[in-house]
Each structure stands twice: as C-alpha cells, then as structure tokens.
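Peer 1: Curious how this folds, go ahead:
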Amino acid sequence: MIDNINLSDPPPRITPTTSKTLSAKRAQTRIQAFLNDFENRNSTLNGGDKAVTVRLQKLNQALLEERQRQKAAGEGR
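Peer 2: Numbering: from 1, shown residues only. Next comes the predicted model:
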C-alpha cells in the first residue's frame, strides 16, 4: 500500500495526446463494453465504487439517446 498519498490533492488529470472522431454508435458500443468490464472488475473490489459506474451509465444512456435522435433525423450511420 502507498503511504505517501495526500488525499487533499486532486487526482491526476489524463491528457490525451491524440484524438479520433467516433460515431455515436461506435462510442456507445465502446463505452458499453468498457462499462461491462469495469463493473465486473470493480464489483469484486471493496464493494465497488458506484459513483464511477453511475457516471458511465449516464454517458452510455446519453449516447444511446443521441443515436436515436440521429436515426429519427435521418443522420444515422
């Protein structure tokens, strides 16, 4: 265990070095796969951290709704 962690410090930020455009469908598919894997790994540790899971579920739902709007507008791919 690491003893020198200061809990008052904010968590480190992840800075992307590259970016890639994804369709809402592809992003939603990737997030769903990540969420499934994350839930499987996280549920076995300390009862799991539900805050992260809930945020990922909300993002996944938002992407699904965006895809549905795109399909309704004839923009679906």
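Peer 1: which regions of the protein sit below the pLDDT cut-off?
Peer 2: Counting by pLDDT under 70, the ranges of the chain that qualify are 1-7, 43-49, 75-77.
Peer 1: Now do the residue nearest the centre of it against residue 35, distance only.
Peer 2: For the chain, the residue sitting closest to the mean C-alpha position, by Cα atoms, centre = their mean, is residue 56 at 4.0 Å. Computed with Cβ to Cβ, to the nearest Å, the distance linking residue 56 and residue 35 is 5 Å. In short, each C-beta sits where N, CA and C put it, glycine included.
Peer 1: same check, this time on residue 64
Peer 2: Residue 64 is 12 Å from residue 35, where distance means Cβ to Cβ.
Peer 1: same deal with residue 59?
Peer 2: From residue 59 to residue 35 the distance is 9 Å (Cβ to Cβ).
Peer 1: between these two, which one's more packed in?
Peer 2: Set residue 59 next to residue 35 and count neighbours by other Cβ atoms under 10 Å: residue 35 wins out with 17 against 14.
Peer 1: what about the residue nearest to the centre of the chain, distance to residue 31?
Peer 2: Applying Cβ to Cβ to residue 56 and residue 31 gives a distance of 7 Å.
Peer 1: What of residue 10?
Peer 2: Where residue 31 is concerned, residue 10 sits at a distance of 24 Å (Cβ to Cβ).
Peer 1: ok, now residue 41?
Peer 2: In this view, residue 41 and residue 31 are 15 Å apart by Cβ to Cβ.
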